[in-house]
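*Asks:* predicted model and sequence below, questions to follow.
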Amino acid sequence: MNKLLCAALLAVFATPALAETTPRSMRVDARSATASYQEGQVYKINTQLRRVTLITLAQGERFVDFKAGDTESFQFADTDGGNAILVKPVIAGAVTNGVIVTNQRFYLVELHESASARPHYSVSFQSPAGSTAAAAQSSVPAGKPQTYVISAATKDAQIKPVNIYDDGRRTFFTFSPDAPIPSIYRADAQGREYIVNGRTDGTRVTVGSRSHRWVIRYGDEYICVQSGRITNG
């Protein structure tokens, strides 16, 4: 509900309901598969005991975090390159959902351990046409500093920043000393959110880019921020 409200205020868009899908096997080897990213899509990945599965992110993406419903039945590890993770089941018949967080998007996966189903040794994700450009367009080139206003927020949100400004290249978020440090997302004109990496120094978070739209989140709390220069959408 929170995200839908932000999206409506940043610019509403609708996404059709999607069913779970299995990545397509490659001709060179059926145990290797590819999948084109689509927001909201859940990807079923088959695993097998005593075997490891490599999940490679779309080109240009960097791994940030991975959360799974069942962290005891599966083992997870990231890679030195930062664009892939390794998954290994340790309990027969285990099934869990998971969320892969990158610097650009969220991947929704469902992991299955099965002795009978053909396991995926490798799953490679590809960006759909135009998605990389959309993420890039949500940032703003270096230029004259912008001013920002809060357009929506949860009631009595503790994460409300006391100051937001940019220096023409970077954006600075200052929070109250007793407030938790939230996650910050860059948003495009359609309301899609892209997680960004920030450097925290005390109560200030520095993001190495600018945007006309930001979303700040911590748990169920959210803050929607817009540049004072936005005149439409």
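*Replies:* Happy to help now that I have it.

*Asks:* per-domain residue ranges of this protein.
*Replies:* 32-126, 147-228 (the TED database).

*Asks:* run the chain-centre distance for the last one.
*Replies:* Here domain 147-228 shows a centroid-to-chain-centroid distance of 15 Å under the convention C-alpha atoms, centre = their mean, to the nearest Å.

*Asks:* compute the first-to-last residue distance for it.
*Replies:* With C-alpha to C-alpha, to the nearest Å as the measure, domain 147-228 spans 5 Å from end to end.

*Asks:* that domain - what's its average pLDDT?
*Replies:* For domain 147-228, mean pLDDT rounds to 89.

*Asks:* in what helix or strand does K44 lie?
*Replies:* Per DSSP states H and E: K44 is located in strand 42-47.

*Asks:* I should have written A179 there, sorry.
*Replies:* With DSSP H and E as the test, A179 turns up in no helix or strand.

*Asks:* related to what we said a few turns ago, columns distance to R24 and mean neighbour count on top of the domains of the chain, output as CSV?
*Replies:* Quick note: C-beta positions are derived from backbone N, CA and C, even for glycine. Supplementary listing: the domains of the chain in CSV, determined by distance: least, C-beta to C-beta, whole Å; neighbours: other C-beta atoms under 10 Å:
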stretch, distance to R24, mean neighbour count
domain 32-126, 6, 17
domain 147-228, 25, 17
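
*Asks:* quick one: which of the ones you listed is nearest T21?
*Replies:* Smallest distance to T21 across the domains of the chain (C-beta to C-beta): 6.1 Å, for domain 32-126.

*Asks:* now that closest one, how far from the centre of its chain.
*Replies:* For domain 32-126, the distance to the chain centre is 14 Å (C-alpha atoms, centre = their mean).

*Asks:* contacts for stretch 42-56?
*Replies:* Under the contact criterion C-beta atoms under 8 Å, 6 or more residues apart in numbering, stretch 42-56 has outside partners 18, 20-23, 35, 74, 83-90, 92, 97, 100, 107-115, 117-125.

*Asks:* can I get that stretch in PDB, CA atoms only?
*Replies:* Provided in PDB are the C-alpha atoms of stretch 42-56 (Å, rounded to 0.1, in the frame of the first residue of the first chain):
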ATOM      1  CA  VAL A  42       8.500 -14.600  -9.700                       C
ATOM      2  CA  TYR A  43      11.200 -16.900 -11.100                       C
ATOM      3  CA  LYS A  44      11.200 -20.600 -10.200                       C
ATOM      4  CA  ILE A  45      14.700 -22.000  -9.800                       C
ATOM      5  CA  ASN A  46      15.200 -25.700  -9.400                       C
ATOM      6  CA  THR A  47      18.100 -26.900  -7.200                       C
ATOM      7  CA  GLN A  48      19.300 -30.300  -6.000                       C
ATOM      8  CA  LEU A  49      21.200 -31.600  -3.000                       C
ATOM      9  CA  ARG A  50      25.000 -31.800  -3.400                       C
ATOM     10  CA  ARG A  51      24.800 -29.300  -6.300                       C
ATOM     11  CA  VAL A  52      25.300 -25.600  -6.400                       C
ATOM     12  CA  THR A  53      23.400 -23.100  -8.600                       C
ATOM     13  CA  LEU A  54      24.900 -19.900  -9.900                       C
ATOM     14  CA  ILE A  55      22.500 -16.900 -10.300                       C
ATOM     15  CA  THR A  56      24.000 -14.200 -12.500                       C
END
